[in-house]
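Novice: Attaching a predicted model along with its sequence, questions to come.
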There are 2 protein chains.
Amino acid sequence: MTFDDKQNMQIAYEQAQISYNEGGIPIGGCLVAEDGKILSRGYNQRVQKSSAILHGEMSVLENAGRLPGKTYKNCTMYTTLSPCDMCTGAILLYGIKRVVMGENETFVGGEDYLRSKGVEVVNLKDEKCRELMQKFIRENPECWNEDIGV
Amino acid sequence: MTFDDKQNMQIAYEQAQISYNEGGIPIGGCLVAEDGKILSRGYNQRVQKSSAILHGEMSVLENAGRLPGKTYKNCTMYTTLSPCDMCTGAILLYGIKRVVMGENETFVGGEDYLRSKGVEVVNLKDEKCRELMQKFIRENPECWNEDIGV
């Protein structure tokens, strides 16, 4: 973990908060280049856009727009929650080299698969991320289950 | 392969053709329930919507809208081309039990990973799907590379 990881996770957390305040699933993220430049931010849009694919990380990628493949290669994806299989696959498709998650107590996604493919995976065990997520799940268990295909 | 597989692949191919005629990447698909009902159709929207995530299969899922997790479980995803890592992950997230592809000569995605997770994967080796895709790649090699993160 670096000082920048904490700063960038705060950006991801703020995205999650925006989603929560909109009545949506509070998972947020950002894509950061090696020089520290924030390429994009985003949050889960299942509720807001009736979307089955706009998870937090997917929104981050969508908001970054069309980019040449090489742009992703040295980026870090920050996400408040362990990335699900879909987001794991998107990270692998674009060859993002590093993933920093807020927590994985609420949900464990494709972390082992990412590592097996050479991606560095860091868990910040962030209490704020966990609390916001668990509050949402208590309030909206069915919406959360829908989001993970249960 | 069943008669229905051929019919449903024709629907996926028609989606790919629509995309090609719009100047987009000619990959299409459809999601079909066990009783044969077509739940949604879709095609790659990288060019049309400047999207980094709307691959063919992802558009199919998005066009199906918000669904309860159980709805996906007995579906088949038809796609004109072998699903990339992202689309593979989306199929796993939703527990789609069967994937039928048009071809995998042009590109091999996460087929082995799908099989390792218990998904039935069928390759129709469809000449029309292959020809349309390879025509597009000859005409637009950079766009295709961008779509697979190269």
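Specialist: On my side now, so go ahead. Computed from a predicted model, the values in this text were never measured in an experiment. Residues are numbered from 1 along each chain as shown, chains lettered A, B, ... in the order given.

Novice: Only C-alpha atoms from now on, for both contacts and neighbour counts.
Specialist: Fine.

Novice: Stretch A:62-80 vs chain B: in contact?
Specialist: Yes: using CA under 8 Å from any CA of the partner chain, stretch A:62-80 reaches chain B at A:62, A:65-70.

Novice: Does anything pack onto the strand or helix carrying residue A:29? Which helices or strands?
Specialist: If you go by DSSP states H and E, residue A:29 is part of strand A:28-32. Contacts defined by 3 or more CA pairs under 8 Å, 6 or more residues apart in numbering or on different chains; DSSP states H and E place strand A:28-32 against helix A:3-21, strand A:38-43, helix A:56-64, strand A:76-81.

Novice: Now do it, average pLDDT.
Specialist: Mean pLDDT, strand A:28-32: 98.

Novice: and that strand with helix A:56-64, angle?
Specialist: Going by axes from the mean of the first three to the mean of the last three CA atoms, to 10 degrees, strand A:28-32 is angled at 50 degrees with respect to helix A:56-64.

Novice: Neighbouring strands of strand A:28-32 in the sheet, and parallel or not?
Specialist: Sheet pairing of strand A:28-32 (DSSP bridges) gives strand A:38-43 (antiparallel), strand A:76-81 (antiparallel).

Novice: closest one to residue A:103 among the helices and strands packed on strand A:28-32?
Specialist: Nearest of the helices and strands packed on strand A:28-32 to residue A:103, taken as CA to CA: strand A:76-81 at 5.2 Å.

Novice: between that closest one and helix A:3-21, what angle do the directions make?
Specialist: Using the same axes, to 10 degrees: strand A:76-81 against helix A:3-21 is 50 degrees.

Novice: wait, does the next helix or strand after strand A:76-81 make contact with chain B?
Specialist: Scanning forward in sequence from strand A:76-81 by DSSP H and E, the next helix or strand is helix A:85-93. Yes: using CA under 8 Å from any CA, helix A:85-93 reaches chain B at A:85-93.

Novice: What is the burial count for residue A:117?
Specialist: For residue A:117, the neighbour count with other CA atoms under 10 Å in any protein chain shown is 12.

Novice: near chain B, which residues of chain A show up?
Specialist: A:46, A:50-53, A:58, A:61-62, A:65-70, A:84-95, A:145-146, A:148-150.

Novice: The residues you listed, buried ones only, as a PyMOL selection?
Specialist: Filtering the residues of chain A next to chain B down to the buried ones (16 or more other CA atoms under 10 Å in any protein chain shown) takes a single PyMOL command:
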select buried, chain A and resi 46+51+52+53+58+61+62+65+66+67+68+69+84+85+86+87+88+89+90+91+92+93+94+95+146+148+149+150
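
Novice: Which residue, neighbours along the chain excluded, lies closest to the residue most central in space within chain A?
Specialist: For chain A, residue A:79 is the residue whose C-alpha lies nearest the centre (CA atoms, centre = their mean; 2.8 Å). Using CA to CA, 6 or more residues apart in numbering or on different chains and skipping the chain neighbours, the partner closest in space to residue A:79 is residue A:29 (4.2 Å).

Novice: Verify the stated contact: the one you found with residue A:54.
Specialist: No: the criterion here is CA atoms under 8 Å, and residue A:29 misses it with residue A:54 at 11.8 Å.

Novice: Neighbour count: the two, which is higher?
Specialist: A direct count of neighbours by other CA under 10 Å for residue A:29 and residue A:54 places residue A:29 higher, at 34 against 25.

Novice: For that one, name its beta-bridge partners.
Specialist: With DSSP bridges as the rule, residue A:29 is bridged to residue A:42, residue A:79.

Novice: From chain B, how far out is it?
Specialist: Distance, residue A:29 to chain B, by CA to the nearest CA, to the nearest Å: 16 Å.

Novice: go on, residue A:118?
Specialist: Counting by CA to the nearest CA - residue A:118 and chain B are separated by 15 Å.

Novice: That residue belongs to a strand?
Specialist: No: under DSSP: H, G, I helix; E, B strand; the rest coil, residue A:118 falls outside any strand and is assigned coil.

Novice: Could I get the contacting residues of it?
Specialist: Contact partners of residue A:118, counting by CA atoms under 8 Å, 6 or more residues apart in numbering or on different chains, are residue A:97.

Novice: Let me see the backbone angles for it.
Specialist: Torsion angles at residue A:118 (phi, psi; degrees, to the nearest 10) stand at phi 90, psi 10.
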